[in-house]
Structures are given as C-alpha cells and as structure tokens.
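Undergrad: here is my input; please provide its structure:
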Amino acid sequence: MADALSVVPETRRDALTAILDVLLNASHVVLTTHVNADGDGAGSEAAVAAWLAARGIPVHIVNPTPFPDAHLHLVEDRAWVADAQTTEGATALRKADTVLVLDTGEPKRIGRVANGLAGKNVLVIDHHLPSEGGFTGLVLQDQAACATGELVYDLLTAAGVRKPWPGRILEAVYTAILMDTGGFRFSNTSPRAHTLAADLIAQGVDPEAVYRRVYASVPLTRIRLLRHALETLEVDPELPITWMTIGRQIMEALGTSSDDLEGIIDHARSVKGTEVAILFRETADGSTKISLRSSGSVNVNAIARAFGGGGHEKASGALIPQPLDEVRPRLLQAVRDAVRAAGAGFRSPADVE
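TA: Numbers count the residues shown, from 1 in each chain. Below is the predicted model:
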C-alpha cells in the first residue's frame, strides 16, 4: 500500500485510505451520481463497479435518472445498473450497507437516492466546490482534481490494483477525464490530467476508439436538436452574454433525451466575444434546467447557487421548479449583474468583429 500511495497526492491519501477501508469491508455497495449523469460521473461509476466486482464485492449503480446510453458500453455487466425509479434500484439500495456518491457532494443532486441513505456508510468522492448541507460521512472533495475520474484513478492506485488495469476500467477512467476537461481543452486541464491520460494510454487505452465513441457517434436526432437550438441563439445587445433555449415540445417531437444535450452549450460559448453562455431547457414536468458556462472572469457557480444549483466556477447548472418564462428573465438579469460586477470593457458579441 505504501508504494501505491507514493504516487497519489499527499492531501488525498488519508481520505482515500479511510474510504478504501470501508469499501473493502462492505457487504454490498451502491454507486450513485448526480441527476443526468455526464461522462465523468458515469465513467467513474463504471470503473469503480468493475473494480469492486473483481474483488467479489456485490455492487450496483443506482442513479436518480437513467444511466446515459452513450456510456453504457463502459459498464462491464449491465445487470449492475438499476435506476432509482425501478423496483430493482430500490431493492439494491435497501440491501446495500455502503453508498459511494461520485461527482457530487450535495444530497439534493442525487434526487430520490438521498432518501435511502439512512443507516448506511456514506462515502463521497468529488471534485466540485464543497457546499453547506453536504453528506455526513467520509468525504474526499478536491477541486484541484481535473475530474472525479482523476480521484478514481487515485483510489485504484491506492488500492494497489496491478497494471495494466482491465480494459473497461481504463476506458472508463480515461472517458471521465477526457469529457470533464472538454477533450483536454478546458482550464481544468492540468499537467497531471495529461500525465494520467498518458499512463492510461500506455496501459492500453485507444484514444481514437474512445474519440469515435464519445464524439463521432452522434445520432441524427441529436444533430436535429442542435439545429433547433442554434435557431434560438440570442445575444445580449450590450453585454457579452449568449444563450439558447430548448422547449420540451421539440425534445418530445424529436424523441431526444437529456443525453442529446451534451456539448450544445459549447456552441453558444464559442461565439466570439462571449463571456457567459447559457442553455435554458424546459423539462417534462414544466421546470427549467439551466446550464451556465464562463469563458473568463465571471463565476457562474455563484449564479447557479443563487438558483439552487452548483458546479464549478466556469461550468455550473441548476434545476429550478418554475416555468421557463419566469426563470429566463431572472436568470438573465443575474448574469448581467455578474458580468457588470466582473469588470468594465465588456461588450456584446454582436459588436465584436
């Protein structure tokens, strides 16, 4: 264990040791992540599930919303996946003595799964900003990590998993890091992110194959949804704010799901001169989902938290139980105030040549 821990950042070692002790002595582990799991949450779950199963520890992935189809190939045994709204999911959660929450530190972000935590060992591995009212239990929450996948890499390293790791684990961890760094483009792309990616590739990950699965296997319905979203593109007449809006009717008409929204907001952020990009989405129950991205000094996490959400300083979101027409003007005003507070000299993307 000492040799394995020597390559794990010192600030994470004690927490990882404590979490490993609980996991390796568990009789049944449930893994979960935030609603509308992304590549980081799903990849982290798939990697940990494969590792626990290989050690003979019963494991299930029980998410508050369905496991994303785009990442199901990462899961070694699909029988492990039991969504929270199903009988299988409820049964798995009831039987588990340990729950590992990945890629969020906020109970409200795991939806109905939070109702089944009483009396269980609760563990958290996350790289987001800690917030008040978090989980009670062993917590490793480190913003210095480029992704929760980086912390899972450290978990497996601390556990002494012999290299090369199994193929599913390698691809799952690589996918988690790849997607949460935006293909190694975002500001959280640290030197260590590249170091870990290099190690995963040296162990056997095929970067081109992962690219094809993640970025080059897009269903036609997703392209049609993107076309609609681009038609709604708006820019603030005075400030560097760009936004798009997707109503529930178009998603129903196209037969798309939340998985198909992956990366759409990046098109708004890519507009020259944009400091803050926003995606408004009307959900099936009439609530409003907002996604926020910052290209500069504006802390969108603070904005999201004011609306009951959270995330990172440059990438955050919130689910607001109010109609789109009510939420949009309030959110836009909050963003305008934040942009103005961030400093002078900003102007509308419409005025940038």
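Undergrad: mind checking the pLDDT average for stretch 121-129?
TA: Mean pLDDT, stretch 121-129: 95.
Undergrad: with just CA atoms, put that stretch into PDB.
TA: Output of stretch 121-129 as PDB, limited to C-alpha atoms (Å, rounded to 0.1, in the frame of the first residue of the first chain):
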ATOM      1  CA  ASN A 121     -22.000   4.000   5.300                       C
ATOM      2  CA  VAL A 122     -22.000   7.100   3.000                       C
ATOM      3  CA  LEU A 123     -18.800   7.900   1.100                       C
ATOM      4  CA  VAL A 124     -18.200  10.800  -1.200                       C
ATOM      5  CA  ILE A 125     -15.600  11.200  -4.000                       C
ATOM      6  CA  ASP A 126     -16.000  14.500  -5.800                       C
ATOM      7  CA  HIS A 127     -14.100  17.400  -7.300                       C
ATOM      8  CA  HIS A 128     -16.600  20.200  -7.000                       C
ATOM      9  CA  LEU A 129     -16.700  23.100  -4.600                       C
END
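Undergrad: which outside residues touch it?
TA: Here stretch 121-129 makes contact (C-beta atoms under 8 Å, 6 or more residues apart in numbering) with 19, 22-23, 26, 44, 97-105, 134-148, 150-152, 155, 301, 310-313. Every C-beta, even on glycine, is put in place using the N, C-alpha and C of the backbone.
Undergrad: report the secondary structure state of residue 129.
TA: coil (DSSP: H, G, I helix; E, B strand; the rest coil).
Undergrad: then residue 317?
TA: With three-state DSSP as the basis, residue 317 sits in strand.
Undergrad: who are the neighbours in contact with residue 130?
TA: Residue 130 neighbours (C-beta under 8 Å, 6+ apart): 105, 141.
Undergrad: for residue 22, see how far away it is.
TA: As for residue 130, its distance to residue 22 is 20 Å (criterion: C-beta to C-beta, to the nearest Å).
Undergrad: shaky segments in the protein?
TA: The model of the chain has pLDDT under 70 over residues 1-6, 344-345, 353.
Undergrad: can we see that at 80?
TA: Within the chain, the ranges that satisfy pLDDT under 80 run 1-6, 131-133, 343-348, 350-353.
Undergrad: mind listing the helices for it?
TA: Assigned by DSSP state H, the chain shows helices spanning 2-5, 10-24, 39-54, 87-95, 148-158, 167-180, 191-203, 207-215, 220-231, 248-254, 264-269, 300-306, 324-342.
Undergrad: tell me the angle of the third one relative to helix 10-24?
TA: Between helix 39-54 and helix 10-24, the angle formed by their directions is 50 degrees, by axes from the mean of the first three to the mean of the last three C-alpha atoms, to 10 degrees.
Undergrad: before we move on, back to that, the contacts of stretch 121-129, buried ones only, as a PyMOL selection?
TA: In PyMOL, a selection of the buried entries from the contacts of stretch 121-129 looks like this (16 or more other C-beta atoms under 10 Å):
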select buried, resi 19+22+23+26+44+98+99+100+101+102+103+104+105+134+135+137+138+139+140+141+142+145+146+147+148+150+151+152+155+301+310+311+312+313
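Undergrad: fine, thanks again, bye for now.
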